[in-house]
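Asks: Build me a structure from this.
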Amino acid sequence: MRGMKKMVVFILALIATASSVYSSGYNIRVKIDGLQDTTLLLAYHFGNRKYIKDTIQVDSRGAGVFSGDERLPGGIYLVVMPEMNYFELLIDREQNFSIETSLEEPVRHMQIEGSRENKQFIEYHRFMGEKQNFSSAIRERTETNRNNPDSLEYLQAKGKAVDQEVQDYWNSIIHQNPGTLIANLIRAMKNPEIPQFEIPDDAKNPDSLRWRMGYEYNKKHFFDNIDFSDERLLRTPVLHNKLEHFFTRILMQKPEAIIPEAIRVIELSKADDKVFQYVVVYLLNHYERSNIMGLDEVFVELAKRYYLSGEAFWASEEAIEKLRQRVERIKPNLIGRTAAEMRMRTPEGTFSSLHETDAEYIIIYFFEPACGHCKVVTPRLNKLYNEYSDRGLKIFAVYIYDDVDEWKEYISSNKLDWINVFDPLNETHFRHNYDIYSTPTMYIVDSDKTIIAKRIGIETIEQMIEELL
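Replies: Next up is the predicted model:
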């Protein structure tokens, strides 16, 4: 009987402990020496942005309390002081704790009660700050000892030792705190270790082969340490930064290299609905806005696969319909596609056809006389034409409006001996087929009328034509 009573007491103690750690709401007591009668913000990361969650007024001692009835989603939060100075907190399971620190050096002077997670987080910050300072000093000494081989060897060994110390420290946190936010956060920051590949002695280009093997390994294993089922990573900068680095710095910037990897990463992200949503939205927006020619093909593929198929559960019917229309305007003019035919009227009243134009390369130029940028581009394009027309360059110049007198005057005053055409009723659907929403808009097609460049500036066109011809 006495044993049963002890068991009941033990269970009640567990319940009490759990309720204190996982109670509803949050209560974060803050005291910052050096502050008085001012405002503090509690903000949080979401991808590469920061959002405000709570605002309080501290008293004459710099003390105040962030509190709310609902628990905060796990992530890295920021206590933002005047002049946008801030320090970070790790908020996950423990949401009832106190912080005391100073305005001048908040991390160095921070004392935390009631949150083991944040004690670890602050220790991590202090450790990393110390090692970064040490590494910076080594780099400075390396620069001043470039001509001293013995010193260089010693400094490089020191640098490797620091790197190994950091890796050992990270691994200890990961292994001792499985499933916690700090463990998943640090694991996510670890990059794959690329092995030393054995290159055959008879390899023709050993350096190129070694680079290629490293590239393929890094590409395959870059996300091995990311737990895509952990929604908490969304409220840290880490997942966003990994995505951005991979898709802008690791992968070759070609649609055929990017599309299969984008699909692979998105499929991994389906481990959590919110992570899936974030990854898809990020990639779609990234490639819709990309200023790298040809990467709109990635946008089209992702839009078709995840939005127009119905997988994007967060998107409204109106948003999907707008996206469908955008895809339909981009699809006909992707790099590598055959340019849509344009059979249009000439100033003489005859017709000229793009597909019947015989040339090594054709610049398709959509313009309007009143366009300020067109006034700069037109004479430079004409100079380029005069220089390369005898080598197979032609310009198919499309006036996008219907004022015949304005059009003819523009041709005459600029001495444009091009293929000058217009389609006042848009019977060729050129606005849709070439996605014309501004001027000037320029494409380059080859002798087979395959699009090889699109929506590029005059500087790029001049460089490309010089290289091609």
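
Asks: Quickly list the domain ranges of the protein.
Replies: 23-114, 122-176, 225-333, 343-468 (automatic domain parsing).

Asks: can you give me the offset of the last one from its chain's centre?
Replies: Pointing back at domain 343-468 there. 34 Å (CA atoms, centre = their mean, to the nearest Å).

Asks: Okay, now it: how far is its last residue from its first?
Replies: Using CA to CA, to the nearest Å, the end-to-end distance of domain 343-468 comes to 26 Å.

Asks: Give me the average confidence score over it.
Replies: Per-residue pLDDT values across domain 343-468 average out to 96.

Asks: I'd like the average pLDDT over the host helix or strand of Glu328.
Replies: Per DSSP states H and E, Glu328 falls inside helix 317-330. For helix 317-330, the mean pLDDT works out to 96.

Asks: what helices or strands is that helix leaning on?
Replies: Packing contacts for helix 317-330, counted by 3 or more CB pairs under 8 Å, 6 or more residues apart in numbering; DSSP states H and E, involve helix 296-302. Bear in mind the C-beta positions are built from the backbone N, C-alpha and C, glycine included.

Asks: Now do the SS call for Ala271.
Replies: Ala271 carries the three-state label coil when classified by DSSP: H, G, I helix; E, B strand; the rest coil.

Asks: list the contacts for it?
Replies: Counting by CB atoms under 8 Å, 6 or more residues apart in numbering, Ala271 touches 227-229.

Asks: Which residue ranges of the stretch 251-400 of the chain form helices?
Replies: Assigned helices in the stretch 251-400 of the chain, in chain order: 255-269, 273-288, 296-302, 317-330, 372-388 (criterion: DSSP state H, counting those that start in this stretch).

Asks: So which of those helices is the most surrounded?
Replies: Sort the helices of the stretch 251-400 of the chain by mean neighbour count, taking mean count of other CB atoms under 10 Å, and helix 296-302 sits at the top with a mean of 22.

Asks: what residues does that one touch?
Replies: 255, 258-259, 262-263, 266, 280, 283-284, 287-288, 290, 327, 330-331, 334-335.

Asks: again with stretch 357-366
Replies: Contacts of stretch 357-366 (CB under 8 Å, 6+ apart): 339, 342, 354, 377, 381, 384-385, 391-398, 400, 418-419, 430, 434, 436, 439-447, 449, 461, 465, 468-469.

Asks: which of the residues you listed count as buried?
Replies: 339, 342, 354, 377, 381, 384-385, 393-398, 400, 418-419, 430, 434, 436, 439-445, 449, 461, 465, 468 (16 or more other CB atoms under 10 Å).

Asks: sorry, back to before: columns distance to Ala137 on top of the helices of the stretch 251-400 of the chain, output as a markdown table?
Replies: Formatted as a markdown table, the helices of the stretch 251-400 of the chain follow (distance: least, CB to CB, whole Å):
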| stretch | distance to Ala137 |
| --- | --- |
| helix 255-269 | 38 |
| helix 273-288 | 37 |
| helix 296-302 | 43 |
| helix 317-330 | 51 |
| helix 372-388 | 51 |
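
Asks: wait, which of the ones you listed is closest to Glu130?
Replies: helix 273-288 (33.0 Å; CB to CB).

Asks: The closest residue to Cys371 other than its chain neighbours sits in which helix or strand?
Replies: Excluding its sequence neighbours, the residue lying closest to Cys371 (CB to CB, 6 or more residues apart in numbering) is Thr439, at 4.5 Å. When elements are assigned from DSSP H and E, Thr439 belongs to no helix and no strand.

Asks: same check, this time on Glu88
Replies: Glu88 belongs to strand 86-91 when assigned by DSSP H and E.

Asks: Which positions within the helix or strand where Glu117 lies qualify as buried?
Replies: According to DSSP H and E, Glu117 maps onto helix 116-144. Of the residues in helix 116-144, 117-122, 124-125, 138, 142 count as buried by neighbour count, 16+ other CB under 10 Å.

Asks: can you check stretch 331-340 too?
Replies: Those would be 332-333, 335, 339-340, for stretch 331-340 by 16+ other CB under 10 Å.

Asks: Pull the distance from that stretch to the chain's centre.
Replies: 26 Å.

Asks: Please name the residues that touch Lys190.
Replies: Lys190 neighbours (CB under 8 Å, 6+ apart): 167, 170, 225.

Asks: Against Gly68, how distant is Glu134?
Replies: Rather than Glu, residue 134 is Phe. 40 Å (CB to CB, to the nearest Å).

Asks: returning to that earlier point: distance to Lys190 for the domains of the chain - can I get that in TSV?
Replies: Putting the domains of the chain into TSV (distance: least, CB to CB, whole Å) gives the following:
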stretch	distance to Lys190
domain 23-114	17
domain 122-176	7
domain 225-333	5
domain 343-468	39
